[in-house]
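Engineer: What would the 3D arrangement of this be:
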Amino acid sequence: MQLRLGDIVDSLGGQLHGDRSLAIDGLAPLESAGPGQLSFLSNPKYQSQLAASRAGCVIVSPAMRDAALARGAAIVADDPYLYFARLTQLWKSRRPSAAAPAVHPSAVVDPEAVVDPTARIGPLCVVERGARIGAGTVLKSSVNVGEDCVIGDRCILHPGVVIGADGFGFAPREGEWEKIEQLGAVRIGNDVEIGANTCIDRGALADTVIEDGVKLDNLIQVGHNVRIGRHTAIAGCAGIAGSANIGAYCTVGGSAGIVGHLTIADHVHISAFTLVMRSILKPGHYTGVFPIDENSAWEKNAASLKQLHSLRDRVRALEKK
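Structural biologist: Numbering: from 1, shown residues only. Predicted coordinates:
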């Protein structure tokens with residue numbers, strides 16, 4: 001497959017400096033791209049790779065225009081990373097694909113489920129009774145959509161996703177555990193993408209809710225009755241305990257943990273490996289990670305941390321004198 005540079009800028013915009021007829025046969029990183037491939041530079045700290053790149057054309061910002069032209073053809077765009085994202089979409093849309101049935105023969109779809117005719121249900125998927133799958137939504141292989149769960153339009157669920165497993169609800173009884181039946185469901189909005197092997201539990205009474213435009217990475221656990229606001233993005237291996245309420249336009253780094261029944265405001269950004277143990281009511285960037293160090297130094301610092309409480313009391317006592 002090939003696209004000419006002229007076709008690309010006609011479809012996506014940008015200012016082309018170079019031959020419109022140049023054929024591009026692939027997309028590649030700066031350091032490995034060849035003369036027939038297109039790459040991009042979005043972070044100025046990688047400018048050194050630009051001069052050495054053999055790419056046939058490079059997408060750059062206006063600030064990098066002259067540096068790019070010194071080595072060859074360039075497409076100048078205000079946001080090169082966003083331009084590249086849209087280019088990948090264009091590339092995929094032009095790639096020939098084999099026709100596939102709307103519902104794979106190995107999938108199991110309950111007669112009482114509602115699947116939009118434009119949705120695609122992949123191999124070994126299960127769609128249970130009362131579930132609803134919206135227009136243009138794609139369930140890849142081995143996705144399980146539980147009873148009465150609703151998935152909106154244009155969503156993508158990657159292999160192994162489980163929507164509507166029982167939430168972790170048990171009542172203690174004389175040292176044992178009594179199951180609390182999970183009577184809610186999961187409601188997922190439009191344009192949501194969910195990574196491989198992520199699990200979103202059904203609510204205990206009310207529903208677990210994932211709003212429009214949310215992006216979830218692989219291996220994320222979303223507990224029962226969690227609510228995730230629109231266009232929030234969460235990276236892999238994060239864990240969100242039951243009834244947490246995460247706002248809109250947030251980001252949560254990989255392996256972060258969020259304790260249950262907390263509220264996180266809109267526009268909050270949580271660093272990787274951070275454990276959130278209290279509500280965050282003010283937008284901003286929050287981090288709770290003990291920095292990596294040589295083990296001997298780390299042990300000394302960790303020992304000092306254990307003494308902080310007594311040191312605080314001693315300082316207070318000195319301040320009162």
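Engineer: C-alpha from now on. contacts and neighbour counts both.
Structural biologist: Fine.
Engineer: Quick one: distance of the host helix or strand of Leu90 to the chain centre.
Structural biologist: Secondary structure assignment for Leu90, by DSSP states H and E: helix 80-94. Relative to the chain's own centre, helix 80-94 is displaced by 18 Å; criterion: C-alpha atoms, centre = their mean, to the nearest Å.
Engineer: From the rest of the structure, what touches stretch 255-262?
Structural biologist: Contacts of stretch 255-262 with the rest of the structure, by C-alpha atoms under 8 Å, 6 or more residues apart in numbering, involve 235-245, 270-280.
Engineer: what do you get if the cut-off is 6 Å, keeping everything else the same?
Structural biologist: Defining contact as C-alpha atoms under 6 Å, 6 or more residues apart in numbering, one finds that stretch 255-262 is touched by 237-244, 272-277, 279.
Engineer: Stretch 95-106 now?
Structural biologist: So stretch 95-106 is contacted by 120-124 (C-alpha under 6 Å, 6+ apart).
Engineer: Now the buried members of the contacts of stretch 255-262.
Structural biologist: 237-244, 272-276, 279 (16 or more other C-alpha atoms under 10 Å).
Engineer: neighbour-wise, which of the contacts of stretch 95-106 leads?
Structural biologist: Counting by other C-alpha atoms under 10 Å, Ile121 has the largest number of neighbours within these, with 29 neighbours.
Engineer: Now do the phi/psi pair for that one.
Structural biologist: phi -110, psi 120 (degrees, to the nearest 10).
Engineer: OK, contacts around Thr208?
Structural biologist: 186, 202, 224-227.
Engineer: can we see that at 7 Å?
Structural biologist: Neighbouring residues of Thr208 by C-alpha atoms under 7 Å, 6 or more residues apart in numbering: 185-187, 202, 224-227.
Engineer: quick one on the thing from earlier: other SSEs contacting the helix or strand following the helix holding Leu90?
Structural biologist: Next helix or strand after helix 80-94 toward the C-terminus (DSSP H and E): strand 108-109. Contact partners of strand 108-109 among helices and strands, from 3 or more C-alpha pairs under 7 Å, 6 or more residues apart in numbering; DSSP states H and E: strand 126-127.
Engineer: And the strand it packs on, what does it pack against?
Structural biologist: When contacts are defined as 3+ C-alpha pairs under 7 Å, 6+ apart, strand 126-127 sits against strand 108-109, strand 144-145.
Engineer: what's the most buried one of those?
Structural biologist: strand 144-145 (a mean of 26; mean count of other C-alpha atoms under 10 Å).
Engineer: domain parsing for the chain?
Structural biologist: 3-94, 108-286, 294-321 (automatic domain parsing).
Engineer: among these, which is the most enclosed?
Structural biologist: Sort the domains of the chain by mean neighbour count, taking mean count of other C-alpha under 10 Å, and domain 108-286 sits at the top with a mean of 21.
Engineer: now the end-to-end length of that domain.
Structural biologist: Domain 108-286 has its terminal residues 43 Å apart, counting by C-alpha to C-alpha, to the nearest Å.
Engineer: same check, this time on stretch 148-165
Structural biologist: 11 Å.
Engineer: before we move on, the earlier item: pipe the domains of the chain into a markdown table and attach mean pLDDT per row.
Structural biologist: Below are the domains of the chain laid out as a markdown table (pLDDT from 0 to 100):
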| stretch | mean pLDDT |
| --- | --- |
| domain 3-94 | 94 |
| domain 108-286 | 97 |
| domain 294-321 | 88 |
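Engineer: can I get those in TSV with distance to Pro101?
Structural biologist: Formatted as TSV, the domains of the chain follow (distance: least, C-alpha to C-alpha, whole Å):
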stretch	distance to Pro101
domain 3-94	18
domain 108-286	8
domain 294-321	55
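Engineer: Could you export the contacts of stretch 95-106 as CSV, including distance to Pro29 and secondary structure?
Structural biologist: Below are these laid out as CSV (distance: C-alpha to C-alpha, whole Å; DSSP: H, G, I helix; E, B strand; the rest coil):
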residue, distance to Pro29, secondary structure
Arg120, 32, strand
Ile121, 33, strand
Gly122, 31, coil
Pro123, 33, coil
Leu124, 35, coil
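Engineer: This completes my enquiry, with thanks.
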